[in-house]
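*Asks:* Show me how the following folds:
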Amino acid sequence: MTAEKRTGAVRLVLGDQLSDGLASLRDLDPARDVVLMAEVEGETGYVRHHKQKIALVLAGMRAFAARLSERSVRVRYVRLDDPDNRQSIVDELARAVEDLAPERVILTEPGEWRLAEAFRAFAADCAAPVQVREDDRFICGHEVFERWAEGRRQLRMEFFYREMRRRTGLLMDGEEPESGRWNFDAENRKRLPASIAPPSRVRCPPDDATREVIAMVQARFADHFGDLDAFGWPVTHDQAEAVLADFLQRILPGFGDWQDAMAQDEPFLWHGLISTALNMGLLDPLEVCRRAEVEYRAGRAPLNAVEGFIRQILGWREFVRGIYWLKAPEYLRRNHLDADRELPWFFWSGETDMACVADAVKQVRRHAYAHHIQRLMVTGNLAVLLGVHPDQVDEWYMVVFADAYEWVEMPNTRGMATFADGGIVGSKPYAASGAYIDRMSDYCSGCAFDVKAKSGPKACPFNRLYWGFLERNRGRLRDNPRLAMPYRTLDRWSEDQRAALVREADDARAELGAVKPD
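*Replies:* Numbering: from 1, shown residues only. Presented below is the predicted three-dimensional model:
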């Protein structure tokens, strides 16, 4: 191949990098460069993703490739059923280098450790020089997070969030937070009254191209978890924009009051429904935050709603991503509480008399979605009380949610849901009895279990498990200042009473199917 005809650069775009401003697409020369996109079994199958997650990413990739082609960009697009497909993103990149003999290969860093390691190995052996660019679609870069974390005894999201507010100027009044307060969380914990109906939501009916993907996924991944009938996620920039605009205009004003509420058969409530679009790159997180701030400045949304929404993106989303890259790969193996039980089957089937759990599993099966309180205080809370091994909790969250990627899911599961990281992300385990769920939802009124009862087969399983969990983990948790009150309560009981609490919890674990592996 002559120098004149040689491909300038092969530029890789992954399924969660569907952004016009992606680092690896900058300085692209349409006349000489080729963009590589590949659907591969290595990514559809490294965990058994929900059918909607697979359909979402593949439909988004095909739409983005078409968007590039419309701009006269040369796209080498490899479909899942291509007979020459090597079914590995690294192997497809190697095949492109073999076929095109490019002068260089340009990547945007991947979001997950396993792919970063694979690309490092590829670069070491590649015939062309490989440039890996930082993914600057995030608001906080790696170096910025590392400088913030350096020397700190504890890494707490609240203090990181305040620093990010200062850096971006979001909801700031000079050097001080708007209205003098950083956090309006205390105003955002209201139970939804029966008299208030959740708003209708914009969904994105599949077009012909997406329906083609859905049919392929149904045929090829029939044995994967989840349904496809209710698919309504945005797969293009325009669709994501429509969902965001509707949220900002109609839904955001109520988000603050009801963001922690749960209600039977109400999967979406006042939540943004933009996490899939953010995590795929269809929306820019800083722009989303700035547009939410505009709603407050214009008097169209209250401060508690806008601050709470911005905190989830500018604070929590950026914080867990920083933790993931700061602590990986060792973080991926943490199990501080030595949890060793199997995940009960009803997490997959929904076949349980616990109304809150059955509703959450029904939602994730139908929509590949549950909002953050259902994830943390229903499914996550139950998993930690049962003592489920964090590997199995990680896998469940990665499988069932359409917005799940390891960088965001693992710090939530190992950090918040299971406390497997020992307190890096959260200051305490988010373990609670049934009283919390009763306070924040209408689940308990129609449940087969009694949320007021503390023991026995008809008592709420969260109640039966809670005190035994604390006693079982006394040696690891007793000195945690945020658990001082429940441990003072335990300390007032006799040794025999505390032993009975552990037996009650162990009975509940066995009855619920959280058994030790054979």
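*Asks:* So for the nearest residue to W345 once chain neighbours are set aside, what's the pLDDT?
*Replies:* Counting by Cβ to Cβ, 6 or more residues apart in numbering, G513 is the residue found nearest to W345 once chain neighbours are left out, at 5.9 Å. The C-beta positions use only the backbone N, C-alpha and C, and glycine is treated the same way. Here the pLDDT value assigned to G513 is 97.
*Asks:* One more: the one 5 residues further on?
*Replies:* With respect to pLDDT, D518 has a value of 84.
*Asks:* E342 versus that one, what's the distance?
*Replies:* 9 Å (Cβ to Cβ, to the nearest Å).
*Asks:* So between these two, which is more surrounded?
*Replies:* It is E342, of D518 and E342, that has more neighbours when counted by other Cβ atoms under 10 Å, with 16 against 4.
*Asks:* would you list every one of the strands in the stretch 1-150 of the chain?
*Replies:* With DSSP state E, counting those that start in this stretch applied, the stretch 1-150 of the chain shows strands at 9-12, 34-38, 74-78, 104-108, 130-133, listed in chain order.
*Asks:* of those strands, which approaches P486 most closely?
*Replies:* Of all the strands of the stretch 1-150 of the chain, strand 104-108 sits nearest to P486, with 45.7 Å by Cβ to Cβ.
*Asks:* now the closest one against strand 34-38, angle please.
*Replies:* Taking axes from the mean of the first three to the mean of the last three Cα atoms, to 10 degrees, strand 104-108 and strand 34-38 form an angle of 50 degrees between their directions.
*Asks:* how far away is the nearest residue to R62 once chain neighbours are set aside from L58?
*Replies:* In space, not counting the residues next to it along the chain, R62 is nearest to A209; the distance is 5.9 Å by Cβ to Cβ, 6+ apart. With distances defined as Cβ to Cβ, the gap from A209 to L58 amounts to 10 Å.
*Asks:* Could you check which of these two has the larger neighbour count?
*Replies:* L58 (23 against 14).
*Asks:* Was I right to think the more buried one contacts L80?
*Replies:* Yes - checked against Cβ atoms under 8 Å, the pair L58 and L80 is within contact range at 7.2 Å.
*Asks:* residues shared between the contacts of these two?
*Replies:* Common contact partners of L58 and L80 (Cβ atoms under 8 Å, 6 or more residues apart in numbering): 39, 44, 216.
*Asks:* Tell me which entries of those lie within helices.
*Replies:* With helices defined by DSSP state H, the entries of the shared contacts of L58 and L80 inside them are 44, 216.
*Asks:* Could you dump the shared contacts of L58 and L80 into a markdown table and include pLDDT, distance to G15 and neighbour count?
*Replies:* Supplementary listing: those in a markdown table, determined by pLDDT from 0 to 100; distance: Cβ to Cβ, whole Å; neighbours: other Cβ atoms under 10 Å:
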| residue | pLDDT | distance to G15 | neighbour count |
| --- | --- | --- | --- |
| E39 | 98 | 8 | 24 |
| T44 | 96 | 9 | 21 |
| M216 | 98 | 15 | 18 |
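*Asks:* Out of the shared contacts of L58 and L80, which is nearest to A328?
*Replies:* Nearest member of these to A328, counting by Cβ to Cβ, is T44, at 22.6 Å.
*Asks:* So the closest one versus K51, what's the distance?
*Replies:* T44 is 10 Å from K51, by Cβ to Cβ.
*Asks:* Can you check which residues contact both of these two?
*Replies:* Shared contacts of T44 and K51 (Cβ under 8 Å, 6+ apart): F221.
*Asks:* The residue nearest to E178 when sequence neighbours are not counted and Y296, how far apart?
*Replies:* Computed as Cβ to Cβ, 6+ apart, the closest residue to E178 that is not its neighbour in sequence is L171, at 4.4 Å. As defined by Cβ to Cβ, L171 lies at a distance of 7 Å from Y296.
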